[in-house]
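# compute the structure for the input listed below.
(chains A, B, C and D, ligands or ions: 4)
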Amino acid sequence: MSVVEGTTSSPPPAWRTADAWQRLFRERPIVPLLVLLGALVVLYQVVQPGTISPNWVGSIIRNAVPLAILAACQTLTMLTGGIDLSVGAVASMAAYVMATLVPSQGPVIAIVVALAACGLAGLANGIGVGIFRVHPLIMTLAMSLVVLGLMTVYQLIMVAAGSRVPPEIRTLGGGTSFGFVPHNLLLFVPLAVGIMWALRRTGFGRLLYAVGDNERAARLSGVRVWQVLVALYVVSGLLAGVAGLVYVGITNVATVTLVDKYVLTAVAAAVIGGTSIFGGRGGYAGTIVGAIILSLLTNLLTVLQMPEAARQVVFGAIILAVAAAYTRITSEA
Amino acid sequence: MSVATATSDRAPISATVLRVLRRNAWLLGLVVLLAAMLLLTRIIQPTYGAAGIDSLARAALPIAFAAVAQAVVVIAGGIDLSVGSMMALTNVAAASMMHRQGEEFGVVAVVLTLILGIALGITNGVLVVVTRVPDIVVTLALSFVWAGAALLVLNTPGGGAAQWLKDLPVGGVFTEWVPSAMVLLLVCVGAVWLPLRRRRSGLALYAVGSDRLAAFRSGVPIARTKVLSYALCGLFSAMGGLALSAATGIGTPTPGPYTLLSVAAIVLGGVSLAGGRGGLLGCIIAVLILRLVRTDLTFLGVDPNYATVIEGLIMVAVVMVGAVVALRRKPA
Amino acid sequence: MTTPAPTDLLLDATGVAKRYGAVAALRAASLQVRRGEVHALLGANGAGKSTLVKILTGAVHPDAGTILVAGQPRDIHSPAAARRSGLVPVYQEPALIPDLDVLDNLRLTGTPVEPVRHWVAELGLGRIDMRTMARDLPLASQRVLDLARALAVEPEVLLLDEMTAALPADLTERVLDVVGRQRETGRSVIFISHRFIEINALCDRATVLRDGETVGVVDMAPGAEQRIVQLMLGAAGAERAAAAAVATDATRRAATVHATDATSRLRVRGLRAGTRLHDVSFELHPGEVLGLVALEGQGQDELFGVLSGSRRADEGELHVDGRPVRFGHPADAIREGLVYVPANRVEALLMQRSVRENIALPFSARLRAWGPIRTRVEASQVSGAIDRLQIDTRAQSEVRRLSGGNQQKVTIARWVAQGVRTMLCFDPTRGIDIRTKREIYALLRELAANGAAVLLYTSELEEVRLACDRAVIIFNGRVVEEMEAAVADEPNLLRAAYGLPPGEALPEEAVATAVEAIP
Amino acid sequence: AQDSATYHIGASNTLQGNGWREEMICSIKAQALSSGQVSQLTVAHRNTDAAGQISDLNDLINAGVQAIIVNPVSPDALNDVIKQATDAGIVVVAVDLAVTEPSAYLFSNNQEEYGYVGAKWLFEKLGGEGAVFYMRGAAGTSADTDRDTGFRRAMAEYPGITLAGEVFTGWDIAQGAQQINEFLASGVPFDGIWTSGIDSTIVDALVTAGAPLVPVVGADNAGFVEQLATIEGLEGAAVTNPGSVGGAGVTMALRVLAGEEVERQVLITPEVWDNTTPEGQAAIAAANDPAIDGTWPLGISIPDWTTYTKDEIIACAGPGE
Ligand SMILES: Nc1ncnc2c1ncn2[C@@H]1O[C@H](COP(=O)(O)OP(=O)(O)OP(=O)(O)O)[C@@H](O)[C@H]1O
Ligand SMILES: Nc1ncnc2c1ncn2[C@@H]1O[C@H](COP(=O)(O)OP(=O)(O)OP(=O)(O)O)[C@@H](O)[C@H]1O
Ligand SMILES: [Mg+2]
Ligand SMILES: [Mg+2]
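Ligands and ions are numbered 1, 2, ... in the order given. Reported below is the predicted structural model:
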């Protein structure tokens, strides 16, 4: 019952190499993504010679890190066929709550409370999606309205309470060593390794894929899907909180809408990274590269000094081109 | 012989009615909800009447077009995150064409704008089909492109609109209780959708959204149907852009909140994001409901920040109640 | 082997090849179909039958090969084009659009309605409500409707890919009858099935595929079956199949000893659920395989739903090992050792995930198992199960790339991997080739011999004799009879399944009245 | 004065969560309360666009208000509905940004001047020579375009000034932070920074990166003013853009309702608080309040037009709350 004989005997060698590449790309989708990233760097070098320096790499990565964390929320939720549009509001909440609590409570309590609030928002999302079966898009969109509203109220209460971003957060989020190694890598590398490990090597990770691929099959195999979803959205809320803290480390100013603009960019990072929005397929490594690609692209367009209109057009066109090339390279014949 | 389907073809009328009701249960629920909310509004604000309904219809007009545009694509199994940007682009295109032009040229400009919308939609659709990149990515990328193009056309709010266009959605038809905006909306959507819906191309939209593989094997031209859905989306987005022109009298290059609003509205309106299920009327009613919630919260003088919270909660509640009802209705 | 004169050939495909990445689904397939014949296309799971059908009907583009229709090269690059050339398929997977009602489904394909009504009646589905959503129809009705829709356009060549696999005995009979009569109008049928009874009864000739190659064409005559099995499986495969058959008998004798002295593993009392399951009671003992026989829609779906924890009973009791239990979720049933193999593999599989993840899925199901995976243990359990079920894992990185039969095996392997106490199988051999079927019977017997209890619903009546110790027959939501496997021959089972008392024959009119009595 | 509280006033705003806009809403509330003449204040305050604001204004009209304070999304888009309101006898006061409908009153910061005076200060500071990093607001909005007009006017007066770079921050802090960081990493030389209000973040980025502290122009946001007062070696100027135009708008509307003669347009010329002159330092010292949220503008009152205290605007309570 094997066709391996067929493969070894009949086909011409040229065909085989092409096929081997294809297979490599398909089985390791991260490879073509890295190739694309490399191509972008070369492009950068061509249009803007001389800017590429350790400093520059550092700033690209520093900007990519919080986006990649935010995109982790999307990756995880998208694996189950969901999406988390509340991450912007939740991340902003983490930043704002933390900053306003620091003067009165000190950094540790402030951070704990901020993350707890994020976990709570995630829990609400999880209960809505997992138990009451509200569509994730609606649930999280509504949650972002709820969080924004509550945070605006909170903002008015805290307006004269003073707010401060503790130096630890600032160093972690925005600092660099030797002028080019971003400190947020200290947080990010273990986090990313943890996420990738969890997706591949833990039962919970497996279940995310399973629920996204075929919820019914998961159920028939004895999985209580609601548990998975609730846990997932809590994790997503917490990750969003961490992203918010990294962002505020960079900006040093917290507002209740600090991270709002990055929600769709985070979705784009996850999707460019090869995670299917229909669930069941994808991974975090691709998302990280996706975030770096987007960060690089934003930077390139800023540096090129194009008019805003052209900048937006080119940004969209390049995202599409990258995604199309990626799809072409990894798709089956 | 088999038990499962051996119901008679000529079912009694009551059964037919029951089936129609059951199939449109969601729509009916929305209608009832809307009616209840209108009543509630009247109680909160006793002066709420024809003028209120007129402004409700006018407020709903651009959102409703956006929702209808989104619904068509989602029914066909896609999603279009560029609806807001396409509305902005068609809006500024119309506004700059009509700027300081005669009333008659306005007609030409409207036609050109609609054609532009279709062209944008076809571009979306063709790129989705050709690149085989998931719809959400293609349209997200193109949302930047169209928004940038809008800024190229007008870099700041400006331009103009023909007076007749501005007057079109104002006032009532026959009586002040039938807002022209609503009539306009239903006529525009109906004129496009009704002839299509029962045709093969209309069914193909549902088929592709419902089960792509089965549709392909049933001989449905997948690519053409996808492009058709995006073309319709572009057309309705252009109508939305024109509705913005009519409302504001100018063109605004920055996209409004229409993309996400449209997605929320269609889910409330009973369209399944998985594709293949739902209709356009439900979406329109959902938009009216969403809009009326805001109005009521304003009338009630609820602290606007809490109003945002309440709006979010209501959105969840409606979907949740719907899900619970659907669970109940599932055959035992 | 016969070589027909070229003029009779309605369809002539030669040298057809198709690769999917590293997998060669077809290497050198050929198929010659004469005008007015019913031609069987046979082969083990994964031999390439479905792929050939897809190529002939424009759903898949071949890498190589020539296809002549009535002697002419015809353009069949798309399903629509194939249709125009008179090639109309009924695929292995349902092709109705779930979210459209029946009428709209017909309109979509431009199928005339009246002929469909005619064929639906002819096929024994009675009159159907054209306004029912396709998704609301039971699988069997969908299949029949698929067939009626294909017949309605009066195709030159009708291609039926495991059309009967999901049908209960009564509907199968009608389908075979209708399909057989296609000959009379000079039309041809390509018929794929794993059931020899059907092939013997229906087909004129058979083309046999093995590993993507046509290995023989056989005229159907007494004794052809032996030859086909040999062609299909190759010499080695045929031996293994025979060995499996012997193993079945051996383990069965061992198991009967077991069954008698134990208390019941599962006791069902007065179970009622939904509108079809009224009052079912039976006992299932460790060490036995209990057959369950019923016509379409007699409450067996509901029964398995309740036993597997997917739905709640309205009334009645369940006892597992003498303890009363109540299931709110499949997880509850699984904890009590009741595992379920559903009829429809699409329900059970993670199509985009690997074979390994599919088989290992239940390992991680419980909250406790959310942590790190014990990779080595998992790997050995999974590969054990793969070996045991002989799963062809060439395309294992995504289950959707497996052939239908191999997908089916994965659904069983999932439970075998972790050891079975009580297995609820709903037609597990649906679409499985003859060798594997025998292996599955052997497997069920072996499970029983090791003390497991197996409940086996089957739509293939001969399976009762081949694999079971006892059978209960359900009609109209009630157990109407119970019989030992020894006496459970087909006429006897069919009689009972129609709700007729023992000793009574099965006249046509009786069937008609009996069926009308069904609510 | 409580018994004379008779008016029902409406307010409309289209951006939520933004410090400046929240302060504007609070000043509307505080002034309505402090005036004693307002019995009910209905606020429509949410994230929306021109068409959404039109329907909000319609809702306010239908709610039966006698005056509307509106922060318009654009100068032209609301004309019809404003006309409809004024025709019905409702007093409409546009704040922050002008509308072209002549029947509306206007109480606003002069955005073109805002762009001009800050740029002029910066160019002067640089001695008329040098490269400036120009960090604008959101592309396509009126306020940004107006400020740009002023900025360009100043540039025309100082031909020695060039642009080292021009970006749109979208008034988004995180985006502004990334832009300045990337800009610093790119190594393009620059001598000064003009920002459209994303200011303290920019200074922080300079400090964090150890880049030279070039002169920075920002707005009167609490965070930036504090930096001007405290950071050693930072030279900069805060251009005032008080959110209290909202409260002033209320006063204006009440005066019209009372039948007083009121000027149709009041434009507040922005002040420049620079930390290099004694007057500027005094203004900064007077305004600086480290407790206030960094994104709140410190121009919390406008003499003659607002009567509430600092505590009242911070309490952010309107009539009946
Ligand atoms: N197996 C399939 N399942 C789902 N969609 C498919 C499948 N095969 C092709 N399609 C879709 O159908 C469209 C057309 O496919 P293809 O190129 O195979 O047809 P074609 O030969 O160009 O058809 P036509 O007769 O219209 O020229 C593509 O958009 C593709 O995504
Ligand atoms: N889309 C695909 N991608 C990769 N491999 C595929 C794909 N479709 C089929 N195959 C492989 O091609 C081979 C032939 O499959 P096919 O479905 O034709 O078998 P079959 O004879 O119909 O089997 P069964 O009796 O189990 O239905 C199998 O090994 C299968 O795994
Ligand atoms: Mg097959
Ligand atoms: Mg082709």
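# A strand includes C:Val472, no?
Yes. Judged by DSSP: H, G, I helix; E, B strand; the rest coil, C:Val472 forms part of a strand.
# which residues in the stretch 1-150 of chain C form strands?
Counting by DSSP state E, counting those that start in this stretch, the stretch 1-150 of chain C has strands at residues C:9-20, C:23-34, C:38-43, C:64-69, C:72-73, C:87-90.
# identify the residues contacting the closest residue to ligand 1 within the stretch 51-200 of chain A.
Using CB to the nearest ligand atom, the single residue of the stretch 51-200 of chain A nearest to ligand 1 is A:Gly81, 19.2 Å away. Placement of C-beta: from N, CA and C, glycine included. A:Gly81 sits next to A:Pro136, A:Val211, A:Gly212, A:Glu215, A:Ile277, A:Phe278, A:Gly279, A:Gly280 when contact means CB atoms under 8 Å, 6 or more residues apart in numbering or on different chains.
# how about a cut-off of 7 Å?
A:Gly212, A:Phe278, A:Gly279 (CB atoms under 7 Å, 6 or more residues apart in numbering or on different chains).
# please convert the buried members of the residues you listed into PyMOL selection syntax.
A single PyMOL command selects the buried members of these (16 or more other CB atoms under 10 Å in any protein chain shown):
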select buried, chain A and resi 212+279
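# by pLDDT, give me the weakest of the contacts of A:Gly81.
The member of those with the lowest pLDDT is A:Phe278, at 80.
# and for the nearest residue in space to D:Ile68 that is not next to it in sequence, the neighbour number?
Using CB to CB, 6 or more residues apart in numbering or on different chains and skipping the chain neighbours, the partner closest in space to D:Ile68 is D:Gly10 (4.6 Å). Residues near D:Gly10, counting by other CB atoms under 10 Å in any protein chain shown, number 28.
# which one of the strands of the stretch 1-150 of chain C has the lowest average pLDDT?
In terms of mean pLDDT, the lowest-scoring of the strands of the stretch 1-150 of chain C is strand C:72-73 (a mean of 86).
# where do the strands sit along chain A?
A:176-177, A:181-182 (DSSP state E).
# off-centre distance for the last one?
For strand A:181-182, the distance between its averaged C-alpha position and the chain's averaged C-alpha position is 19 Å (CA atoms, centre = their mean, to the nearest Å).
# do that strand and chain D meet?
No. Residues of strand A:181-182 are not located near chain D by CB under 7 Å from any CB of the partner chain, the shortest gap being 9.9 Å.
# what's the average pLDDT for that strand?
Rounded mean pLDDT across strand A:181-182 is 85.
# so what's the residue count around residue 284?
Answering for chain A, as no chain was given. 28.
# wrong one, chain C
24.
# list the residues that contact the residue lying closest to it once chain neighbours are set aside.
Once flanking residues are discounted, C:Leu284 sits nearest to C:Leu266: 4.2 Å by CB to CB, 6+ apart. C:Leu266 makes contact with C:Leu284, C:Val320, C:Thr422, C:Ala453, according to CB under 7 Å, 6+ apart.
# so what pLDDT did C:Leu266 get?
On pLDDT, C:Leu266 comes in at 93.
# swap in the one 10 residues further on?
Residue-level confidence at C:Arg276 comes out at 85, pLDDT.
# what does A:Met139 give?
Taking A:Met139 on its own, its pLDDT is 91.
# what's the neighbour count on the residue lying closest to it once chain neighbours are set aside?
For A:Met139, ignoring the flanking residues on the chain, the nearest one in space by CB to CB, 6+ apart is A:Gly128 at 4.1 Å. Residues within reach of A:Gly128, counting by other CB under 10 Å, total 24.
# list the contacts of A:Gly128.
Counted by CB under 7 Å, 6+ apart, A:Gly128 has contacts A:Val134, A:Met139, B:Val316.
# got the contact list for residue 247?
In the absence of a named chain, this looks at chain A. Shown in contact with A:Tyr247 (CB under 7 Å, 6+ apart): A:Pro66, A:Ala91, A:Ala95, A:Gly173, A:Leu258, A:Val259, D:Ala174.
# other chain: chain D
D:Gly247 neighbours (CB under 7 Å, 6+ apart): D:Ser27, D:Ile28, D:Ala30, D:Gln31, D:Thr306, D:Tyr308.
# which element is it on?
helix D:245-257 (DSSP states H and E).
# how far does that helix sit from the chain's center?
17 Å.
# circling back: among the contacts of A:Gly81, name the ones in helices.
Within the contacts of A:Gly81, residues falling in helices by DSSP state H are A:Gly212.
# tabulate the contacts of A:Gly81 (CSV), appending distance to chain D.
Formatted as CSV, those follow (distance: CB to the nearest CB, whole Å):
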residue, distance to chain D
A:Gly212, 30
A:Phe278, 29
A:Gly279, 29
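# same list, the contacts of A:Gly81, but as a markdown table with distance to B:Pro46 please.
Formatted as a markdown table, the contacts of A:Gly81 follow (distance: CB to CB, whole Å):
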| residue | distance to B:Pro46 |
| --- | --- |
| A:Gly212 | 51 |
| A:Phe278 | 50 |
| A:Gly279 | 50 |
